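Trainee: show me how the following folds:
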Amino acid sequence: MKYLDEYRDPVLARRLLDELRRTATSPWRIMEVCGGQTHTLVRQGIDELLPAGMRMIHGPGCPVCVTPLETLDRAMAVAARPGVILTSFGDMLRVPGTGTDLLSLRARGADVRVVYAPMDSVRLAAAHPDREVVFLAVGFETTAPANATAVLHAARLGLTNFSMLVSHVLVPPAMTALLDDPDCEVQAFLAAGHVCAVMGWRAYEPIAARYRVPVVVTGFEPLDLLEGILMTVRQLESGRAEVENQYVRAVRRSGNTAAQDAVREVFRVTDRAWRGIGVLPDSGLELAAKYREFDTAQRFDVGGLSPVEDPECIAGAILTGARLPTDCTAYGTRCTPRRPLGAPMVSSEGTCAAFHAAGRTAGPAPSRSTP
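Mentor: Residues are numbered from 1 along each chain as shown. Here you go, the predicted structure:
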């Protein structure tokens, strides 16, 4: 298949691995900040084929996983109300909240529907003027333009029964928070290609300069990742710390300016809580005052929420790369994709789900140092 098979060529993959082994002289630590990249790395076994001592650190690149528990509990409280249609992407339905999840709530009679785009929710609101339609808007910069467009369209239609429960997060502040941690081992980043397709990579240039860490914008196929890793290692070996673009077929420095304009019109930067990590300053988006009428949190008073995380789940340490899924005592036993204790095991971009799908067993990978 064009634009797919050629990025999975085993001969080219072997050549890139050989070149990587010739180039690397130190046990470098590289973080990928994208759950999709994590799944490719683990599924293809790339993380286990790296030169001795080198390892990938799996970062907080799963938007489902970092959505705070309070947001999920709020979504369920709203969905349980009569006259409400709560809409969401499918990967949110089985993420554990405090005591239950959206799928279980739907089984008990709540009108929870899977949509494929936020505009589907706008169409539902237009078709059901007697119902309140709520869209659970989560994601990184990648999904923000579509969500912004949905709000703009709802405003043009004059809809009064459509709102969004917004939990958008931003990648650069998470990277700086990780680098500010005195225990951080990250020496370079693979930046998510789809985020940069929207936002470009200018926001990463101050990070590379300030912290002296290479940042390589990378795609999602095996050859993309191998080339991205090789590019970061070349920088590390030569003492450079720049932003480079491996994903040239989809990303340019300025990004998609039309998408950025929509995001700037509808949203404002705000502090945001990340599940398992805590509140990071200026790391999220909220609806601007002009569009506050579409804010679910403003429209529905659900009272005081008391979110309670499962005490056995170490999702926070996994999301920051401090631990591996196989370090968790519940991994693969009390926590499975069918019965998850935390979001990283159930999300399609979660690190625990990637390890479980690849059959990774308990115990650290051979190349990984003891934390």
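
Trainee: and the longest helix for this structure?
Mentor: Longest helix of the chain, by residue count under DSSP state H: helix 222-238.

Trainee: Cys196 falls within a strand, correct?
Mentor: No. Counting by DSSP: H, G, I helix; E, B strand; the rest coil, Cys196 is not found in a strand; it is helix.

Trainee: neighbours of it, just the number please.
Mentor: When neighbours are defined as other Cβ atoms under 10 Å, Cys196 has 28 of them. (Each C-beta comes from the backbone N, C-alpha and C, glycine too.)

Trainee: any idea how far it is from Glu205?
Mentor: For Cys196, the distance to Glu205 (Cβ to Cβ, to the nearest Å) stands at 12 Å.

Trainee: next: Phe89.
Mentor: Phe89 sits 31 Å away from Glu205, going by Cβ to Cβ.

Trainee: quick one: the helices in the stretch 251-371 of the chain?
Mentor: Per DSSP state H, counting those that start in this stretch, the stretch 251-371 of the chain carries helices over the ranges 257-266, 296-299, 315-319, 343-346, 351-357.

Trainee: got the contact list for stretch 107-124?
Mentor: 76, 79-80, 84-90, 93, 102-103, 105-106, 131, 133-135, 137, 143, 146-147, 149-150, 153-154, 157, 159, 162, 164 (Cβ atoms under 8 Å, 6 or more residues apart in numbering).

Trainee: now swap in stretch 172-188 and tell me
Mentor: With contact meaning Cβ under 8 Å, 6+ apart, stretch 172-188 is reached by 28-31, 33, 57, 59-60, 189, 203-204, 207, 211, 213-216, 232-233, 235-236, 274, 277, 280-283, 320-322.

Trainee: again, but for stretch 254-269
Mentor: The contact list for stretch 254-269, computed with Cβ under 8 Å, 6+ apart, reads 141, 144-145, 147-149, 151-152, 166, 168, 170, 196-202, 282, 284-289, 291.

Trainee: buried ones among those residues?
Mentor: By neighbour count, with 16 or more other Cβ atoms under 10 Å, these hold 141, 144-145, 147-149, 151-152, 166, 168, 170, 196-201, 284-287, 291 as buried.

Trainee: coming back round to it: filter the contacts of stretch 107-124 down to the buried ones, ChimeraX style.
Mentor: With 16+ other Cβ under 10 Å as the criterion, this ChimeraX line picks the buried residues out of the contacts of stretch 107-124:
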select :76,79,80,84,85,86,87,88,89,93,102,105,106,131,133,134,135,137,143,146,147,149,150,153,154,159,162,164
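
Trainee: and the longest strand for the chain?
Mentor: Ranked by residue count, the top strand of the chain under DSSP state E comes out as strand 278-287.

Trainee: now do that one, average pLDDT.
Mentor: The predicted model assigns strand 278-287 a mean pLDDT of 96.

Trainee: for that strand, list the C-alpha coordinates in CSV.
Mentor: Provided in CSV are the C-alpha atoms of strand 278-287 (Å, rounded to 0.1, in the frame of the first residue of the first chain):
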residue,chain,number,x,y,z
GLY,A,278,-1.0,17.1,38.8
VAL,A,279,-1.7,20.6,37.7
LEU,A,280,0.8,22.0,35.1
PRO,A,281,0.7,25.8,34.6
ASP,A,282,-0.4,27.0,31.1
SER,A,283,-0.7,23.4,29.9
GLY,A,284,-4.3,23.3,28.7
LEU,A,285,-7.0,25.1,26.8
GLU,A,286,-10.4,26.3,28.0
LEU,A,287,-13.2,28.0,26.1
